[in-house]
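Trainee: here is my input, please return the structure:
(6 chains, ligands or ions: 6)
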Amino acid sequence: MASDGKKMKKVEIVIEAMMLDKVISIMDQAGVSGYTILPSVTGRGHRGHRTGFGFTDVFNNAMIFTLTDEAIALKISQEAKKLIQNYAGVVIISDADVVWPDYQKDR
Amino acid sequence: MASDGKKMKKVEIVIEAMMLDKVISIMDQAGVSGYTILPSVTGRGHRGHRTGFGFTDVFNNAMIFTLTDEAIALKISQEAKKLIQNYAGVVIISDADVVWPDYQKDR
Amino acid sequence: MASDGKKMKKVEIVIEAMMLDKVISIMDQAGVSGYTILPSVTGRGHRGHRTGFGFTDVFNNAMIFTLTDEAIALKISQEAKKLIQNYAGVVIISDADVVWPDYQKDR
Amino acid sequence: MDANLLTNLMTPPILFFFFGVFVRLIGSNLEIPPALTKFFSLYMLMAIGIKGGTAMAESGLGQDGMIVIGSAVLMSMLVPLYSYPILRIRLKNLYDAAAIASCYGSVSAVTFIAASSFITKLGIDYGGYMVVSLVLMESPAIVMAVLLATTVRSKEVRGTSVQIQRKSPALPMKKILHEAFTDGTHLMLIGSLVIGAVTGIEGKKAMEPFTGGIFKGMLSFFLLDMGLSVASRLREMKDVGVFLVGFGVVMPILNGVIALSIAYFLGFGMGDAFLFIILVASASYIAVPAVVRYAIPEANPSLYFTMALAVTFPFNIIIGIPLYYKMVSVIWGG
Amino acid sequence: MDANLLTNLMTPPILFFFFGVFVRLIGSNLEIPPALTKFFSLYMLMAIGIKGGTAMAESGLGQDGMIVIGSAVLMSMLVPLYSYPILRIRLKNLYDAAAIASCYGSVSAVTFIAASSFITKLGIDYGGYMVVSLVLMESPAIVMAVLLATTVRSKEVRGTSVQIQRKSPALPMKKILHEAFTDGTHLMLIGSLVIGAVTGIEGKKAMEPFTGGIFKGMLSFFLLDMGLSVASRLREMKDVGVFLVGFGVVMPILNGVIALSIAYFLGFGMGDAFLFIILVASASYIAVPAVVRYAIPEANPSLYFTMALAVTFPFNIIIGIPLYYKMVSVIWGG
Amino acid sequence: MDANLLTNLMTPPILFFFFGVFVRLIGSNLEIPPALTKFFSLYMLMAIGIKGGTAMAESGLGQDGMIVIGSAVLMSMLVPLYSYPILRIRLKNLYDAAAIASCYGSVSAVTFIAASSFITKLGIDYGGYMVVSLVLMESPAIVMAVLLATTVRSKEVRGTSVQIQRKSPALPMKKILHEAFTDGTHLMLIGSLVIGAVTGIEGKKAMEPFTGGIFKGMLSFFLLDMGLSVASRLREMKDVGVFLVGFGVVMPILNGVIALSIAYFLGFGMGDAFLFIILVASASYIAVPAVVRYAIPEANPSLYFTMALAVTFPFNIIIGIPLYYKMVSVIWGG
Ligand SMILES: Nc1ncnc2c1ncn2[C@@H]1O[C@H](COP(=O)(O)O)[C@@H](O)[C@H]1O
Ligand SMILES: Nc1ncnc2c1ncn2[C@@H]1O[C@H](COP(=O)(O)O)[C@@H](O)[C@H]1O
Ligand SMILES: Nc1ncnc2c1ncn2[C@@H]1O[C@H](COP(=O)(O)O)[C@@H](O)[C@H]1O
Ligand code: NA
Ligand code: NA
Ligand code: NA
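Mentor: Ligands and ions are numbered 1, 2, ... in the order given. Next up is the predicted model:
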């Protein structure tokens, strides 16, 4: 990729909504500089339809992604994997060039 | 990419909201193991602004993505392409490493 | 990547919600053929938690992405970088194969 | 125009509509989240349905009602039929002509609401079956449009095949009818009407504070939102063009006059006549576009939606309602 | 069944429930955005809490109240205890058995609302402490389920270790109790109850047009939404299977009869008895599943949620309410 | 403090505020979706605007009104001017000082609502023009802040250029004014006020069940939501620091006393005086932060937003309202 961005990993996690806080704390503990949340997504996986009812969060998913370096990405994916043994979710890792404001270069 | 994930394709489709069900059935028939839906996105394309009115779905978009293997990705993109000849939409394919729970390894 | 799509750049920008219009006009001026908006995301970065209050947009983020060629992607990322010196945001660039309807081939 | 115009325009709901237009035009960031719009519009449908249903429970359909309803259904088929050739005069894309024709055959529930408040305020009565008419005018208009579009499609196949690639894979009529009859807004209105009719006076009493008491306030929010949307569509106006804008203004008058004649000759009561005209003169920007977008993808939704919402709707609210009322009151001697 | 059944079924809110089921079954696109569902359900909790709280402020708890509440709490522990062995007869996944047992130990606020409108309409009184019972039946049921699940887990560890990888990292009881007591819907009800009790007659007056006046309308929307959800869950019914569907129908009757006996022997008033039966016979699909999903991830939420929502809830609304009423009115001689 | 304090604190809406704080502090998952918050706040603005507007239509502005309004506008300019130097004592980032100053020059509509219910309950009257004052205090405060920030910016350019890269590309004043005057919440209040004034007694009657009847209930929801938000901001309190928290508590009192003196010397009526003090003593966390974030991006929104919302707002609700009332009632001999 050719851009003036920094080569990083994008770790996207779909998780059942009530476990989002757990994923956030996994990311925080792994030392990410930030994350972005898509608070309300729905879907289907091997646990069946998770189509979102308004009156319960049980069948809602949330999505969160972080841009981070490879080592942290690995740490997160290992922790998150444990979580999705028990709770609905999937972990996706891809390459991304990230453009930060100058004073953020150090991250 | 270096991670303990499985190399897969991520197929993202933006489609006008009322045609989402059609895209879901395309994916189901292609044999995906699951998908994630972002139920309400807006946008602009060559069909003009689709900025989302609350009282009609006509100008709303939805987004859906699936993680799948290359063959299925191709099948989906071919079917979806037919759909977006007539309805607003775009199909995006990229690489992704996917970490599944262990008992999902077979997908 | 092997698909019948066109190789393009995906430029994703997370930005504080009230500055979304500015990012849209950056994209328009750079000459993109379209974009997709995720109107309401939340997150954390070096400016702290942006967790979204219903009664003010000050702490809301929005996300927008465009599929475009490398030159335009570069132009956008340069302009957007200036914006995120002052306003919360991050710019992400990645590779993507895009399948357009036939009569859109020229973009 | 006289004081009646002001009577119609100077109520909070209508003023909120203008306020919404103004707010958007000056570029404010005022937004109504889609979930709320949905709430206001479902509420409107519930309120109008319950009201019509309970009114029917009290007075029954009667022969008068049957005649009005019959005329309404008839007009919802005729309007598309005579609109289509008029639209063809200038439109190259015949799918657009079919889609637009369909919107004008159908109705605008909000225009109906505004008009019925207007005459209620003037102390004029109307039958509960007017809501039944409102309901029944939707599907026939859609069916007509789909038939027109099917004709266009079959001609196209026989003609040059240049555009064929873009041609829609002909959707089976059954699927389209399913969409037409199961459209959410359509069903919400029917359901509320039936529930009103079934529960009658008891139901009315139970629901009154909700569907009656706070109605004007909810309507204010809904019309504020409509105003915002109308103003947002104004930027599409250049795509619509002079011909279609003209159509959006002249057609309601033409339809209104035809409806008036029918009402006169069939001896409708004054209130029924006025609301019948309103139904025929108004155009749908909710239910019909939703189905037509699905059924006639070759038509550009910006055209039909924008015309019905941003041209004909405000025209009817500002000019149409007092104008049709004037006409009716002259003839019926109100 | 007699006219009472109709009395219950022929009100707008209940009819909107059936309408919702119908609408979804015929495949309509009618949707209630999640934000609105949240509004309707928070509203319901506020309204019921304020009503119960202000009623309590007027009449106090009293000894009667204490006995009813005590019995309610007891039943919320007993029901899971005797449901679990029944469920084990057929269920291989014992976590599912624990989770389902928990839902049936707890209560459905909407069933309670429907039942209390039902008897209010018939002019029968009940104590404000019934809402306190409603509130207090949630947590014990959850605790019982977690205890059951913990037993299963410890057995599993001692047994074959095949499934161990999937085993949940045992959540500390403290965390689970925190979830149980701080669940949003649970707190909203408690908070409104306390606020109602604290502000008493003044609070009642201030809130009446909101929590009283428009109540039936808001309930109609909420039940419409419930109807849509129930119908959506019907496709999961094959996963649920005959045994569990049967459980979802028979268990409320069994629980109801046990509750009736207790109410009779402890000398409850007729209204209190009826609502006590309703509480015991109903199952939770909101608060309990939310906590149980967190606390017993090994259980399949499709089972317990679908049973409580799509089997037992409609059963109680359609058959249960008039049936329990019949039983009560025969015995209490109403 | 005496019974008046309790009078203010013991109403359902205020109790729901405390409940919201409590709920968030104990870590519950209770959430109000943003779309609903928007509904409640737009509703509040509509209700207060309609109420003020219809009151004005009845009684007119009058000379009294002009004087009150003039004083209010003056104070909205003065407060930022004298707050800024106070803030500079400790704040290194002068943009923060400008932004905070602006919030305190402006007003909190919810504090105004709580205060006006408080005195209405005590049977004290006030003029419809108080809402006009509320409206007119927003923009001047913003303009002052922007002027202050512009001064800082031009100094910075002349000074060291270390931070220049981060410096905002100076937004033209015209754009900022546009933002200030077209801010959605601002316009909603103005629009409702004008619509209330235009439709007068008729409008009032039409809207009453919505903007009046269910008001306390909607306010309860809104304040519950505010409570949740206030508690969420408490974790930012350590960034705010002791100096600014102190400012958030002392400044309302100082502003209140100055406002009281003005009201006294200009001979305001008791109700007007009290609400004038409330306006001057309160700080904006809705309209002003929205514009200031745009206009002064160098300032940290966590500071000014958190101070206005999580320090000054609860202070005014709990302590300020009864305190200012005490002062007023002693002096005006109420
Ligand atoms: N193949 C997939 N592609 C995209 N999203 C998926 C896929 N599989 C699962 N998901 C998402 O992850 C959630 C949980 O998956 P599961 O635990 O497999 O039920 C689903 O509800 C989807 O939102
Ligand atoms: N270049 C693009 N980048 C990102 N999204 C696009 C692009 N073009 C179109 N879209 C999305 O696809 C939808 C339909 O596009 P179209 O059919 O070209 O109008 C738009 O409303 C956008 O949400
Ligand atoms: N490392 C990151 N990964 C993903 N999103 C981020 C990251 N850093 C910042 N963001 C997003 O960008 C917004 C603004 O970031 P900042 O300006 O650093 O506060 C945050 O609120 C997040 O939504
Ligand atoms: Na018509
Ligand atoms: Na129970
Ligand atoms: Na102030």
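Trainee: the helix or strand bottoming out on mean pLDDT in chain A near chain B anywhere?
Mentor: Every helix and strand in chain A was compared by mean pLDDT, DSSP states H and E; the lowest is strand A:48-50, with a mean of 85. No - contact of strand A:48-50 with chain B (CB under 8 Å from any CB of the partner chain) is absent, the minimum separation being 9.1 Å. Every residue, glycine included, has its C-beta placed from N, CA and C.
Trainee: what is that strand packed up against?
Mentor: strand A:35-45 (3 or more CB pairs under 8 Å, 6 or more residues apart in numbering or on different chains; DSSP states H and E).
Trainee: can I get the CA coordinates of the strand it packs on in PDB?
Mentor: Output of strand A:35-45 as PDB, limited to C-alpha atoms (Å, rounded to 0.1, in the frame of the first residue of the first chain):
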ATOM      1  CA  TYR A  35     -11.200   1.900  19.500                       C
ATOM      2  CA  THR A  36     -14.400   2.600  17.600                       C
ATOM      3  CA  ILE A  37     -17.700   1.100  18.500                       C
ATOM      4  CA  LEU A  38     -20.700   0.300  16.200                       C
ATOM      5  CA  PRO A  39     -23.200  -0.100  19.000                       C
ATOM      6  CA  SER A  40     -25.900  -2.100  17.300                       C
ATOM      7  CA  VAL A  41     -25.400  -4.700  14.600                       C
ATOM      8  CA  THR A  42     -27.300  -7.900  14.000                       C
ATOM      9  CA  GLY A  43     -26.400 -11.100  12.300                       C
ATOM     10  CA  ARG A  44     -26.300 -14.800  12.000                       C
ATOM     11  CA  GLY A  45     -23.700 -17.300  12.900                       C
END
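Trainee: that one vs chain D: in contact?
Mentor: No - using CB under 8 Å from any CB, we find that strand A:35-45 stays clear of chain D, coming within 11.2 Å at best.
Trainee: which stretch of helix or strand covers D:Phe305?
Mentor: For D:Phe305, the host element (DSSP states H and E) is helix D:301-306.
Trainee: which positions in the stretch 1-150 of chain D make contact with chain B?
Mentor: So the stretch 1-150 of chain D meets chain B at D:32-38, D:40-41 (CB under 8 Å from any CB).
Trainee: and chain F, which of the residues you listed reach it?
Mentor: Within the residues of the stretch 1-150 of chain D next to chain B, those near chain F by CB under 8 Å from any CB are D:32-36.
Trainee: which of those residues sits closest to chain B?
Mentor: D:Pro34 (3.8 Å; CB to the nearest CB).
Trainee: count of residues packed around that closest one?
Mentor: By the measure other CB atoms under 10 Å in any protein chain shown, the count of residues near D:Pro34 is 21.
Trainee: let's see the pLDDT reported for it.
Mentor: pLDDT, D:Pro34: 89.
Trainee: do the same with D:Met144
Mentor: 86.
Trainee: name the element it belongs to?
Mentor: helix D:138-158.
Trainee: next: D:Ile195.
Mentor: helix D:184-207.
Trainee: and that helix, what does it pack against?
Mentor: Partner elements for helix D:184-207 (3+ CB pairs under 8 Å, 6+ apart): helix D:34-59, helix D:129-136, helix D:287-295, helix E:12-25, helix E:215-233.
Trainee: got the contact list for the nearest residue to A:Tyr35 once chain neighbours are set aside?
Mentor: The shortest distance from A:Tyr35 to any residue other than its chain neighbours is 4.2 Å, reached at A:Thr66 (CB to CB, 6 or more residues apart in numbering or on different chains). Counting by CB atoms under 8 Å, 6 or more residues apart in numbering or on different chains, A:Thr66 makes contact with A:10-11, A:27, A:32, A:34-36, A:76.
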